[in-house]
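Asker: next input, structure requested:
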Amino acid sequence: MAAVRLPLRIVVFVVVLPVRMVWDALGWSVRAVNRAVLRPLGRGLVWAVRVLVGLPLLWAGAALWRWVVVPVVRYGVVVPSVWLYRHVLTPFGRGAAYVCGLLYMWVCVPVANALAWLGMAVFWWPWGALWRWVVVPVVRYGVVVPLGWAYRSVLIPVGRAAAWLARAVGAGIALPATALLVVLLGWLWRTVLVPLGRELGAALALGRRAAGFVSRAVGRAVAWIAWHAVGRPVRWMYRAVVRPLAVPVLLAVRDAARAARATLRHARADLRRAVFGAPPAQRGDSGHGPTARLPEPREPNGGPARTLGSKKTVPGAAPAPEVTLSDQG
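Answerer: Coordinates of the predicted model:
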């Protein structure tokens with residue numbers, strides 16, 4: 001089998017490798033087209049059909065049903081039909097039922113009874129007597145009994161003998177033919193089919209693995225080329241250009257958003273105080289017990305101030321150290 005193994009594996013590898021690579025390329029292309037084109041296009045088409053066609057049709061159908069179909073059916077079909085049923089069909093039906101009942105009771109029933117008796121007397125009783133007393137005895141004792149005796153006494157023994165003879169002849173012919181056919185098929189199976197199938201399976205497995213290795217290598221090469229041709233320049237552009245330009249803008253936007261939120265919060269607080277008044281902690285003592293008061297803003301209460309641009313104090317006042325608002329707290 002070594003003379004068959006190597007050519008078979010070479011042929012299988014040459015056939016399987018292009019098929020595997022084409023299959024992998026088609027699968028990647030189909031998945032990429034599905035993710036990048038078909039899914040967004042399908043979602044857009046569904047949204048467009050729903051907005052441009054579905055909603056107008058739904059609104060038009062609802063309006064047509066509510067303002068056209070329902071009034072037309074109600075006042076053009078249902079109300080006239082109910083009136084016709086109540087005032088025309090119901091009285092007519094009751095009268096017709098009464099008349100039909102009288103006709104059935106006094107006309108149809110007597111006529112049907114008379115016709116039934118006449119039919120029995122003409123068609124049933126004579127033919128029934130003929131069937132019972134003539135046809136049945138003649139068929140039973142003239143046909144059925146002789147045929148049954150002939151079947152039991154003649155046909156069954158002859159058929160059994162013929163069947164036994166046919167089985168004997170068939171066994172004598174079929175046994176050598178079966179033995180020869182089984183031996184020949186077993187030799188063909190063991191000698192030709194099993195080794196050939198084993199080698200074909202091994203060649204297919206080897207070709208599939210080799211084609212997988214080659215396909216993965218080609219895929220890695222294409223990915224490396226795509227990364228160095230597209231991915232790395234894009235990453236450099238993002239790190240060197242987009243990020244330095246975007247970070248200050250994002251920081252400015254964040255600070256502006258924080259300032260806007262703080263302004264909005266103070267505006268809400270001022271509006272709340274203007275509408276509902278100050279909270280109890282800022283209203284002072286209202287007769288229900290002592291409440292904490294917020295410290296009122298006040299001017300620095302140091303000693304007499306010096307004159308501007310001079311170290312001399314106002315006449316009659318002692319000098320005092322300088323105190324700022326931050327020191328006063």
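
Asker: quick one: list the elements packing against whatever helix or strand V14 lives in.
Answerer: Using DSSP states H and E, V14 maps to helix 2-33. On a contact count with 3 or more C-beta pairs under 8 Å, 6 or more residues apart in numbering; DSSP states H and E, helix 2-33 meets helix 194-226. The way it works is simple: take the backbone N, C-alpha and C, and place the C-beta from them, glycine included.

Asker: may I see the buried residues of the helix it packs on?
Answerer: Neighbour-count burial for helix 194-226 flags 199, 203-204, 206-208, 210-211, 214-215 (criterion: 16 or more other C-beta atoms under 10 Å).

Asker: coming back round to it: for the helix holding V14, the distance to its chain's centre please.
Answerer: 35 Å (C-alpha atoms, centre = their mean, to the nearest Å).

Asker: over to stretch 128-143?
Answerer: With C-alpha atoms, centre = their mean, you get 73 Å for stretch 128-143.

Asker: start and end of that stretch, how far apart?
Answerer: Taking C-alpha to C-alpha, to the nearest Å as the measure, stretch 128-143 stretches 21 Å from start to finish.

Asker: again with stretch 101-114
Answerer: End to end - C-alpha to C-alpha - stretch 101-114 spans 19 Å.

Asker: looking at the buried residues of helix 194-226, which is nearest G27?
Answerer: S215 (10.4 Å; C-beta to C-beta).

Asker: was I right to think that closest one contacts V19?
Answerer: No - assessed by C-beta atoms under 8 Å, S215 is found out of contact with V19, at 10.3 Å.

Asker: okay, now the unreliable bits of this protein?
Answerer: Applying pLDDT under 70 to the chain picks out residues 1-5, 8, 12, 278-329.

Asker: relative to H266, how far out is R273?
Answerer: Distance, R273 to H266, by C-beta to C-beta, to the nearest Å: 11 Å.

Asker: picking up where we left off before, which element follows the helix holding V14 toward the C-terminus?
Answerer: Note on helix 2-33: by DSSP H and E, the next helix or strand toward the C-terminus is helix 39-48.

Asker: would you mark the buried spots in that next one?
Answerer: So, applying 16+ other C-beta under 10 Å, helix 39-48 has no buried residues.

Asker: packing partners for the helix or strand following that helix?
Answerer: Scanning forward in sequence from helix 39-48 by DSSP H and E, the next helix or strand is helix 55-64. Based on contacts counted as 3+ C-beta pairs under 8 Å, 6+ apart, there is no element that helix 55-64 packs against.

Asker: kindly export helix 55-64 (C-alpha atoms) in CSV.
Answerer: Only the C-alpha atoms of helix 55-64 are listed here, as CSV (Å, rounded to 0.1, in the frame of the first residue of the first chain):
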residue,chain,number,x,y,z
LEU,A,55,-46.6,54.1,11.0
PRO,A,56,-48.5,55.9,8.2
LEU,A,57,-50.2,52.7,7.1
LEU,A,58,-51.1,52.0,10.8
TRP,A,59,-52.5,55.5,11.3
ALA,A,60,-54.4,55.4,8.0
GLY,A,61,-55.8,52.0,8.7
ALA,A,62,-56.8,53.0,12.2
ALA,A,63,-58.5,56.1,11.0
LEU,A,64,-60.2,54.3,8.1
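
Asker: how far off centre is that helix?
Answerer: 27 Å.

Asker: list the buried residues of it.
Answerer: So, applying 16+ other C-beta under 10 Å, helix 55-64 has no buried residues.

Asker: and the next helix or strand past that helix?
Answerer: For helix 55-64, the succeeding helix or strand toward the C-terminus, using DSSP H and E, is helix 70-73.

Asker: which residues sit against that next one?
Answerer: Residues from elsewhere that reach helix 70-73 (C-beta atoms under 8 Å, 6 or more residues apart in numbering): none.

Asker: rerun at 10 Å
Answerer: Helix 70-73 is contacted from outside by 64-65, 78-79, using C-beta atoms under 10 Å, 6 or more residues apart in numbering.

Asker: one more: stretch 7-25?
Answerer: 1, 196, 199-200, 202-216, 218-219, 222.

Asker: distance check, R66 against V72.
Answerer: 11 Å.

Asker: same thing with R232?
Answerer: In this view, R232 and V72 are 71 Å apart by C-beta to C-beta.

Asker: before we move on, what about S81?
Answerer: For S81, the distance to V72 - C-beta to C-beta - is 13 Å.

Asker: ditto for C108
Answerer: Note on C108: its distance to V72, by C-beta to C-beta, is 45 Å.

Asker: quick check: which element contains R243?
Answerer: Going by DSSP H and E, R243 is part of helix 243-276.
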